[in-house]
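# I need the structure of the sequence given here:
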Amino acid sequence: MRTWQRSCAALRRAVQTTVILCLTTPVDLPRQHAFHDGAGYGINRVNGDVDAYNTVAREVAAEHGVLVHDLHRVVLEGPGGAAAMLGEDGVHFSDLGTRSPRLQ
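Down below sits the predicted model:
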């Protein structure tokens with residue numbers, strides 16, 4: 001959390017524009033496993049970690065006057081929800097997700 005705080009504070013001092021922090025999107029663990037099966041991919045993102053990260057990100061953003069764009073909610077509430085908005089690897093956006101006007 002301290003790294004976040006230092007980064008936000010430094011960014012706010014360094015730029016003369018609005019700073020917007022985008023929250024991390026949900027993930028699909030079964031898709032991650034299927035996509036990387038046998039590829040030696042040893043890192044899996046899980047929604048519990050995403051939620052914890054986003055909680056801290058919101059707190060630090062509020063503390064430093066940084067706006068928050070809730071990409072997590074955008075994905076969950078997008079057409080078809082996370083199942084449609086996330087690509088085959090379960091982490092990155094699908095074609096539908098990349099075309100969502102709320103992500104632009």
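
# Could you list the low-confidence segments of the protein?
Where the chain drops to pLDDT under 70, the residues are 1, 4, 38-43, 103-104.

# same thing but at 50, please
Residue ranges of the chain with pLDDT under 50: none are present.

# At the geometric centre of it, which residue sits there?
For the chain, Thr24 is the residue whose C-alpha lies nearest the centre (C-alpha atoms, centre = their mean; 1.4 Å).

# Can you verify my assumption that it contacts Thr55?
No. Using C-beta atoms under 8 Å, Thr24 makes no contact with Thr55, being 10.7 Å away. The way it works is simple: take the backbone N, C-alpha and C, and place the C-beta from them, glycine included.

# contacting residues around the residue nearest to the centre of the chain?
With contacts defined as C-beta atoms under 8 Å, 6 or more residues apart in numbering, Thr24 is in contact with 50, 53-54, 57, 71-72.

# Which of these are buried, as a ChimeraX select command?
The following ChimeraX selection, which keeps only the buried ones among those, applies the criterion 16 or more other C-beta atoms under 10 Å:
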select :50,54,57,71,72
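
# What about the contacts of Thr24, which are in helices?
50, 53-54, 57, 71-72 (DSSP state H).

# Mind putting those residues into a markdown table with distance to Glu88?
Putting those into a markdown table (distance: C-beta to C-beta, whole Å) gives the following:
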| residue | distance to Glu88 |
| --- | --- |
| Val50 | 19 |
| Tyr53 | 23 |
| Asn54 | 24 |
| Ala57 | 26 |
| Leu71 | 19 |
| His72 | 20 |
